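Novice: no sequence on this one, just coordinates:
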């Protein structure tokens, strides 16, 4: 069952977690377990994906923020069109 189908079947809420997207058929390269809670690297400079060969990552932060890391320009622009109040994490970290 596809992730989308599972999400539609249940009322999920991700409090802490990292969802990493990989191209079909890719074997994830594990250099460490990705994590959200206590990961200070998310809040400084330009955060990097935690899974080396992932396309992008969605980080659920204490149910108060959702971070999108590594989105290509097309995906990022589509996301902003659908949710114009989104703030750039890189710009926020510069402050």
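Specialist: Okay, I see it. Predicted model, so just to flag it, every value in this text is computed and none were measured. Numbering: from 1, shown residues only.

Novice: what are the ranges of the strands in this structure?
Specialist: Here the chain has its strands, by DSSP state E, at 16-21, 56-61, 65-69.

Novice: and the contacts of the shortest one?
Specialist: Looking back up the chat, that one is strand 65-69. 42, 47-49, 56-61, 76, 79, 89 (CB atoms under 8 Å, 6 or more residues apart in numbering). No exception for glycine: its C-beta is placed from N, CA and C like everyone else's.

Novice: now that strand: buried residues?
Specialist: 67, 69 (16 or more other CB atoms under 10 Å).

Novice: and that strand with strand 56-61, angle?
Specialist: 160 degrees (axes from the mean of the first three to the mean of the last three CA atoms, to 10 degrees).

Novice: direction included, what does strand 65-69 pair up with?
Specialist: As defined by DSSP bridges, the strand partners of strand 65-69 come to strand 56-61 (antiparallel).

Novice: spatially central, which residue of this structure would that be?
Specialist: residue 58 (1.5 Å; CA atoms, centre = their mean).

Novice: Provide the partner residues of that one in its beta bridges.
Specialist: residue 19, residue 68.

Novice: hmm, it is touching residue 19, no?
Specialist: Yes: taking contacts as CB atoms under 8 Å, residue 58 lies within contact range of residue 19: 4.4 Å.

Novice: gap between residue 27 and residue 58?
Specialist: Using CB to CB, to the nearest Å, residue 27 is found at 20 Å from residue 58.
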